[in-house]
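Novice: Quick one: sequence and predicted model below, then my questions.
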Amino acid sequence: MGGVDKALIPLGGRPLIAHAIARLAPQVDAMVLSANGDPARFAQFDLPVVADTSPGFAGPLAGILAGMQWARTNLPDAERIATAATDTPFFPGDLVARLLGAAQPASIAIARSGGREHRVFGVFPVACADDLDRFIKTSDSLSVGDWLDETGHVAVDFDDEASGGIDPFFNINTPEDLVAAEALLRSEGSRQGGRPTGRP
């Protein structure tokens, strides 16, 4: 997307990350932003910004680990964290509840639609932090899928959430995707009586 911080690209007059926050906030007890670089760029959202604790660039796995470590330190009673991506503004409003409903006491649960797993949309036991830290430090792979294959997980289908054939995990990677998202937001707003879902 032209080198622009994707989380801050406007959609419907608000940054993409604002849509994700509005979707996820009612589903969780606390929220942090996983981001590297200057945290001041997210000051308007008044949320803790947690940088990767892993050296180098470990991708999404590092963000998941940082979230687990933050929860372990700041929310010692928390058993799991839930994760979501900022470039997927239409993810389900019952995402976390359905993932938790499918997760066994020690299981990871991941969203799936159209037969495809969306591995950054999941619930992860905080107790997995040490295992994930070990994987990042010792594995030849930094693939979320490879870690999940080693650890084990369940997939939860969200195909029933599709509206008009639109995948609820549609994500924005190109300018064309952004145009499509604007149209989806307008359509969603008309179904909600002029008020797009998640708009405060």
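Specialist: Alright, I've got the coordinates.
Novice: Now for residue 16: which residues touch it?
Specialist: 6-10, 86-87, 89, 172 (C-beta atoms under 8 Å, 6 or more residues apart in numbering). (Each C-beta comes from the backbone N, C-alpha and C, glycine too.)
Novice: how about the longest helix anywhere in the chain: buried residues?
Specialist: The single longest helix within the chain, with elements called by DSSP state H, is helix 175-191. By 16 or more other C-beta atoms under 10 Å, the buried positions in helix 175-191 come out as 178, 181, 184-185, 188.
Novice: Tell me which two in those residues are the farthest apart.
Specialist: 178 and 188 (15.2 Å; C-beta to C-beta).
Novice: want to throw the contacts of residue 16 into CSV with secondary structure, pLDDT and neighbour count?
Specialist: Converted to CSV, the contacts of residue 16 look like this (DSSP: H, G, I helix; E, B strand; the rest coil; pLDDT from 0 to 100; neighbours: other C-beta atoms under 10 Å):
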residue, secondary structure, pLDDT, neighbour count
6, helix, 91, 18
7, helix, 93, 18
8, helix, 94, 14
9, coil, 94, 18
10, strand, 95, 11
86, coil, 94, 24
87, coil, 95, 21
89, coil, 94, 26
172, coil, 94, 22
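Novice: Low-confidence stretches in the chain?
Specialist: 1-3, 162-165, 189-200 (pLDDT under 70).
Novice: now do the same end-to-end measure for stretch 80-96.
Specialist: One end of stretch 80-96 sits 11 Å from the other (C-alpha to C-alpha, to the nearest Å).
Novice: Run the chain-centre distance for it.
Specialist: In terms of C-alpha atoms, centre = their mean, to the nearest Å, the centre of stretch 80-96 is set 5 Å apart from its chain centre.
Novice: Over to stretch 81-100?
Specialist: How far stretch 81-100 lies from its chain's middle: 6 Å, per C-alpha atoms, centre = their mean.
Novice: before we move on, what about stretch 66-76?
Specialist: 16 Å.
Novice: If you count neighbours, what's buried in that stretch?
Specialist: For stretch 66-76, a neighbour-count test (16+ other C-beta under 10 Å) marks 66-71 as buried.
Novice: Which residues does it contact?
Specialist: Contacts for stretch 66-76 (C-beta under 8 Å, 6+ apart): 29-30, 32, 34, 48, 50-54, 78, 81, 83, 124, 126, 128-129, 132.
Novice: again, only this time at 7 Å
Specialist: Residues from elsewhere that reach stretch 66-76 (C-beta atoms under 7 Å, 6 or more residues apart in numbering): 30, 32, 34, 50-53, 78, 81, 83, 124, 126, 128-129, 132.
Novice: Closest to residue 159 out of those residues?
Specialist: Using C-beta to C-beta, the contacts of stretch 66-76 come closest to residue 159 at residue 83, 20.6 Å.
Novice: so what's the closest one bridging to?
Specialist: Judged by DSSP bridges, the bridge partners of residue 83 are residue 122.
Novice: Report the contact partners of the residue most central in space within the chain.
Specialist: By C-alpha atoms, centre = their mean, the chain has its centre lying nearest to residue 84, at 0.9 Å. By C-beta under 7 Å, 6+ apart, the contact set of residue 84 is 20, 24, 91, 121.
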